[in-house]
Each structure stands twice: as C-alpha cells, then as structure tokens.
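Chemist: I need the structure of the sequence given here:
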Amino acid sequence: MSTYVRHCFAPARPKGPHWRLDGAAVGEHGAYVVDLTWSRTEGSLRGLRADAFALVGEFAESTAHVRQVIADTAIEYHVATGMLHGDGPFAGHGHLVWLRVTGPDLPRLIAGSRRPAQPDAGPAD
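Modeler: Residues are numbered from 1 along each chain as shown. Purely as a prediction, here's the structure:
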C-alpha cells in the first residue's frame, strides 16, 4: 500500500465534519481496510454515497472504480484506483481500498435498502 493512500487516512488528517476514523489496516485479502463512522443523522443512502465519493476523491488516481456493498452492520465502498501505463509519470499501478462505514443512522439505511423478494410473475398471457 502506498504511503500516499495511508497518509490520506492518517488520524490527524481531517475527513470533514461527518467522518470519524476508527481504524485502518491491510486486510487478509490485500486491500487497505478503513473503518469509519458516518455521523450524519437522518441522512439518506444517497447522502452517504455522496459523502463517501467525496472521501474517495481525496485519494483516487486517474482511474477508479467504486462498488457499494450493503453488509449486515455496515455499508462498504470497495475502491480500485490507480494509473494505467502512460497516464502519468509513474509506472502503471493500483490500490485496493475498502471503506467500511458504520454510524448511528446506518441500521435504518441498511434496513431500508433491503427489498423483499418478488414472486416470479411468469410469462405474460
């Protein structure tokens, strides 16, 4: 993991008024896992996503992909970012960063994101 990506999550670095850094470490899968608390109350999933994307913008390079994953007790943003060969002065490279977000309003957002299974309607007559 690059020093730059780790620096973005240094405890002394401000993350904005709605984020608290709870921990960060390289996970067994090789991604840099960052545990965060999102402190907005009465927020929305869209608002969380916007705040998370703003945070990703703090470390994203010229190429990035973000996947939102709704887990049982957290919402995760799996980020792959890096540079392709020829995109800049550095050799092609990449980083995997997982933002694991919890917070006081997350249980409501997680429950609201679960949709009951729809019965198979079958072919139309």
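Chemist: what's the residue positioned nearest the centre of the chain in contact with, if anything?
Modeler: Geometric centre of the chain, nearest residue: Y77, 2.4 Å, by CA atoms, centre = their mean. Contacts for Y77 (CB atoms under 8 Å, 6 or more residues apart in numbering) come out as 52, 56, 66-69, 98-99, 101. No exception for glycine: its C-beta is placed from N, CA and C like everyone else's.
Chemist: Let me know the helix or strand that it is in.
Modeler: Using DSSP states H and E, Y77 sits within strand 75-83.
Chemist: And the helix or strand that that strand is followed by, what does it pack against?
Modeler: Following strand 75-83 in sequence order, the next helix or strand is strand 93-102 (DSSP H and E). If contacts are counted by 3 or more CB pairs under 8 Å, 6 or more residues apart in numbering; DSSP states H and E, strand 93-102 sits against strand 32-38, helix 45-56, strand 75-83.
Chemist: Kindly reformat these as TSV containing mean pLDDT and distance to S113.
Modeler: As requested, these are exported to TSV (pLDDT from 0 to 100; distance: least, CB to CB, whole Å):
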stretch	mean pLDDT	distance to S113
strand 32-38	94	14
helix 45-56	93	6
strand 75-83	92	8
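Chemist: So which of those is nearest G16?
Modeler: Closest approach to G16 among the helices and strands packed on strand 93-102 is made by helix 45-56 (7.2 Å; CB to CB).
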